[in-house]
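Trainee: give me a model of this one.
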Amino acid sequence: MESKKRQKRKGQNNSTVLNSTVYFFASIAALQLDLLSKNLFMKRLTFALFAASCMATSVQAQVKMPQPSSTQTIKQDFGMGSIELTYSRPNAKGRKIFGDLVPYNKLWRTGANGATKIKFTDAIELGGKKIDTGTYVLYTIPGVDSWEIILNKGVNNWGIDGYKETEDVVRFRAAPMKMKTKLETFTMQFADIKPESCQLHLMWEKTVVAIPITTNIKDRLKAQIEAAMQTDKKPYWQAAQYYNEYEGNLNKALDNCSKAIEGNDKAYWMWLYKAKIQKEMGDKAGAKESSKRSLELAKEAKNDDYVKMNEELLKKL
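Mentor: Residues are numbered from 1 along each chain as shown. This is a model prediction of the structure:
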């Protein structure tokens with residue numbers, strides 16, 4: 001009987017130990033799970049904070065401030081090609097420019113920021129020298145009575161950094177002139193555009209410098225026209241303009257203009273062109289008839305500009 005009681009107590013004790021052991025390991029497992037959960041939470045929190053930081057940085061990076069000296073690119077058709085100019089435009093902001101902000105007798109980038117670049121797609125002449133197609137840097141040395149204009153090969157230069165005199169293509173002088181109106185922003189523009197000549201104006205404060213640019217297209221035009229005249233589609237209209245405007249050969253100009261009109265009798269612009277040639281040749285009666293025909297056709301086409309030009313020409317005739 002006593003033996004059975006001992007066995008029962010021993011069984012109860014073993015059960016208690018087992019339960020305690022299970023509870024202990026269960027507690028350890030729960031604690032590990034809790035730590036794992038907290039660790040996962042911390043990782044997620046850290047990732048969320050990192051992502052938020054990246055988003056904030058991204059938003060900040062998207063803010064675009066205007067440049068203090070804005071960049072401008074201008075393109076001008078000229079001769080048989082074009083000229084493209086890229087430069088930065090600083091503002092005066094109440095400062096004295098030439099002789100102070102831009103010192104006299106020192107190399108200037110001709111603008112702000114990077115070096116000013118000029119690109120020619122056709123051969124031109126600058127400062128008495130023939131310039132091949134390509135991109136160059138435009139430097140200047142401002143002076144009180146004279147500016148030195150420099151075309152240089154250093155297209156990778158930042159401003160005047162890297163400038164080498166040995167890379168100069170041409171150097172020549174131009175006289176500065178005074179403007180009546182003060183210009184706040186440094187400005188470059190093409191002016192006086194003609195078939196074989198134009199000017200590049202540099203303007204700031206009350207100073208303007210004109211850089212003459214020329215090209216020779218007359219010989220090439222004549223060669224093209226003469227070659228085209230050997231084909232079935234003869235360029236009578238272009239030939240009329242060439243002989244009138246480039247050679248001053250009024251007889252050839254009139255003959256080609258008349259042939260062009262035969263192919264397009266409704267071309268009021270050709271009739272007016274013919275009238276002007278006839279007037280130049282002293283044939284006022286013929287000019288009057290041609291202008292009347294141009295006026296009639298211009299009214300039919302409802303072209304007010306040509307109506308006005310013909311009315312003015314007829315008054316003179």
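Trainee: so for stretch 256-263, what gets flagged as buried?
Mentor: Going by neighbour count (16 or more other Cβ atoms under 10 Å), the buried part of stretch 256-263 is 256-257, 260-261. In this view, the C-beta of every residue, glycine as well, is placed from N, C-alpha and C.
Trainee: contacts for stretch 211-225?
Mentor: Where contact means Cβ atoms under 8 Å, 6 or more residues apart in numbering, the residues beyond stretch 211-225 that reach it are 78-80, 83, 122-126, 149, 174, 195-202, 235, 238-239, 242, 246-247.
Trainee: buried set for stretch 131-148?
Mentor: Of all the residues in stretch 131-148, those buried under the rule 16+ other Cβ under 10 Å are 131, 136-143, 147-148.
Trainee: start and end of that stretch, how far apart?
Mentor: 17 Å (Cα to Cα, to the nearest Å).
Trainee: centre of the chain to it, how far?
Mentor: 19 Å (Cα atoms, centre = their mean, to the nearest Å).
Trainee: surely S69 touches A112?
Mentor: Yes: counting by Cβ atoms under 8 Å, A112 is a contact partner of S69 at 3.6 Å.
Trainee: so what sits against both of the two?
Mentor: Common contacts of S69 and A112 (Cβ under 8 Å, 6+ apart): 88-90.
Trainee: okay, and which of the buried residues of stretch 256-263 map to helices?
Mentor: Per DSSP state H, helices hold the following members of the buried residues of stretch 256-263: 256-257, 260-261.
Trainee: neighbour count winner among S69 and A112?
Mentor: A112 (18 against 15; other Cβ atoms under 10 Å).
Trainee: okay, and the beta partners of the residue nearest the centre of the chain?
Mentor: The chain has T73 as the residue nearest its centroid, 2.8 Å off, counting by Cα atoms, centre = their mean. Beta bridges link T73 to T86 when assigned by DSSP bridges.
Trainee: near N157, how many other residues are there?
Mentor: 19.
Trainee: what of Q199?
Mentor: Each residue near Q199 was counted by other Cβ under 10 Å, and the total is 16.
Trainee: can you turn the buried part of the contacts of stretch 211-225 into a ChimeraX selection?
Mentor: Selection of the buried residues among those in ChimeraX, burial being defined by 16+ other Cβ under 10 Å:
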select :78,79,83,122,123,124,125,126,149,174,196,198,199,200,202,235,239,242,246
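Trainee: got a list of what the residue nearest to the centre of the chain touches?
Mentor: T73 is in contact with 84-86, counting by Cβ under 8 Å, 6+ apart.
Trainee: try N303
Mentor: Here N303 is in contact with Y268 (Cβ under 8 Å, 6+ apart).
Trainee: just K130 next, same as before
Mentor: Contact analysis of K130 by Cβ under 8 Å, 6+ apart lists 123-124.
Trainee: now do the SS call for it.
Mentor: Under DSSP: H, G, I helix; E, B strand; the rest coil, the three-state class of K130 is strand.
Trainee: can you map out the strands along the stretch 101-250 of the chain?
Mentor: Listed in chain order, the strands of the stretch 101-250 of the chain (DSSP state E, counting those that start in this stretch) span 117-120, 124-126, 129-131, 134-141, 147-152, 168-174, 176-194, 197-214.
Trainee: wait, which of those strands is closest to I160?
Mentor: Counting by Cβ to Cβ, I160 lies closest to strand 134-141 out of those; the figure is 7.1 Å.
Trainee: what sits against E205?
Mentor: Residues near E205 by Cβ under 8 Å, 6+ apart: 92, 96-98, 182-183.
Trainee: mind doing that once more with 6 Å?
Mentor: Shown in contact with E205 (Cβ atoms under 6 Å, 6 or more residues apart in numbering): I97.
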